[in-house]
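Participant: Sequence plus predicted model, see below.
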Amino acid sequence: MGLPAERARVKEEDSRPLVLHLHTLPWIAGSGLNTFYSMKYLDPKRYRTALACRPGGPLEELVKKSGFAFHPIRHFRSEVSPYHDLAALVEVKRLLNSLRPALLHTHNSKAGFLGRLAARKLPRLKVVHTVHGFAFHSRETPLRRALFRFLERRAFPWADASIVISPALAAWAERAGIAPRTTFRVIWSGIEIESFRNADREAGRQALGLSPETVAVGLVAKLWEGKGHEFLLRVLEQDLGADLKLVFVGTGPLEEYLRRIAGPNVIFTGHRDDIPRITAALDLSVLPSDFEGMGRVLLEAQAAGVPVLANRLGGMVDVVADPDWLLPPRDEVAWRETIRRLVRDPDERRRRGEKGRAFVTERFSAKTMGKQIENIYDEVLGRKVSKNNHGTSTSFVPSVGDKV
């Protein structure tokens, strides 16, 4: 019997503790998938779970389709908005008083701060927070960085446990003065490994309209600032043609602008529900973003046997099989030369793909992540750890790129 059937079999009115996840936006991306898998792989015999976030996106649809309860927080916005932020705080407080969950699991900077703040007056409510990234990154102004650091420092003690999705995030938190890195629990943002290992590459290439001779370089990411879309257009503008296509997988606020400046050899897929086969269709998966808390698309590509390139920063340094696959951020010459070399050398792409596939083991699986998170719930709530979850450690581990 599958997990959705098990959930349907057990009535809601029972003694299982309710875990309410709080996520800012309803998009299926890194943090959204992490949140959904945290719900999907939580033992439904031991816990009930639900999601609250801004309505109107594919994450809401996925959660409802999977049989979970969904609660809209209509005033959630990613940008700073005193009116909407205060209204969202009121919405969250009302929801907590109505549902009375045993545990609130917050995600993202906005939902993380407002959720932890709303829970402060509810002493019986336990709180777990997952850090997917920090808002005080290099693209923000100094004043906004200072504000966001201050808010994170204030909110850290309000959670009973704090999770990071990579060791690099824990090190960054320590450097920012939020908390010592060893106070965070490292749980990799898991992927459904088998769906990528078994993905139909040919079906994916057919869906993208790629000929057998075409080399496809792909970026799987939301189309917004900081992911590196414009950077890639500059890097490859002289190379794209019938034999080399650039594939942008995803949607976002930059889509109209990127379509306007991109040439005919750039493929925009829009939102896709078949990411495994689209990823497998690529000949090279790249992630030149300014920062990633982990970079789950790198794990997904490697699981599919697709070679990867990424910037040498953030959590990306911990999720590639070889440090030589990491390049200097914003170095157009290094990126252009490396991509050209790999485009010309299919044997090297194959070797890298095989090495990456071997690198992605069960430690990066969504099932392992679910068990580790469930252990933390048990610990925070004072429950006995499930016998199925013994041996799933969440202790701090150092980052490959940690210089501190």
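Facilitator: That came through fine. Numbers count the residues shown, from 1 in each chain.
Participant: got a list of what residue 312 touches?
Facilitator: Residue 312 sits next to 323, 326, 327, 328, 329, 401 when contact means C-beta atoms under 8 Å, 6 or more residues apart in numbering. Every C-beta, even on glycine, is put in place using the N, C-alpha and C of the backbone.
Participant: Same check on residue 298?
Facilitator: 285, 287, 308, 310, 316, 319, 320.
Participant: let's see 6 Å
Facilitator: Contact analysis of residue 298 by C-beta atoms under 6 Å, 6 or more residues apart in numbering lists 287, 308, 310, 319, 320.
Participant: Just the pLDDT at it, thanks.
Facilitator: The score at residue 298 is 98. That number is its pLDDT.
Participant: Please apply the same query to residue 389.
Facilitator: Here, the pLDDT recorded for residue 389 equals 66.
Participant: again with residue 141
Facilitator: Looking at residue 141, its pLDDT reads 87.
Participant: Residue 338 too?
Facilitator: 98.
Participant: quick one: which of the contacts of residue 298 is nearest residue 343?
Facilitator: residue 308 (14.3 Å; C-beta to C-beta).
Participant: Now for that closest one, how many residues are close by?
Facilitator: 26 (other C-beta atoms under 10 Å).
Participant: Kindly report the same for residue 98.
Facilitator: Count around residue 98 with other C-beta under 10 Å applied: 9.
Participant: about what we covered before: who wins on neighbours among the contacts of residue 312?
Facilitator: Busiest of the contacts of residue 312 [other C-beta under 10 Å] is residue 329, holding 20 neighbours.
Participant: Look at it and give its secondary structure.
Facilitator: Here residue 329 is coil, with the state taken from DSSP: H, G, I helix; E, B strand; the rest coil.
Participant: Could you tell me the phi and psi values at the residue nearest to it when sequence neighbours are not counted?
Facilitator: In this structure, residue 329 finds its nearest non-sequential neighbour in residue 311, 4.4 Å apart by C-beta to C-beta, 6 or more residues apart in numbering. For residue 311, the backbone dihedrals (degrees, to the nearest 10) come out as phi -70, psi 150.
Participant: Residue 311 and residue 318, how far apart?
Facilitator: 13 Å (C-beta to C-beta, to the nearest Å).
Participant: and if you look at residue 193?
Facilitator: 17 Å.
Participant: do residue 33 as well
Facilitator: From residue 33 over to residue 318 (counting by C-beta to C-beta), the distance is 18 Å.
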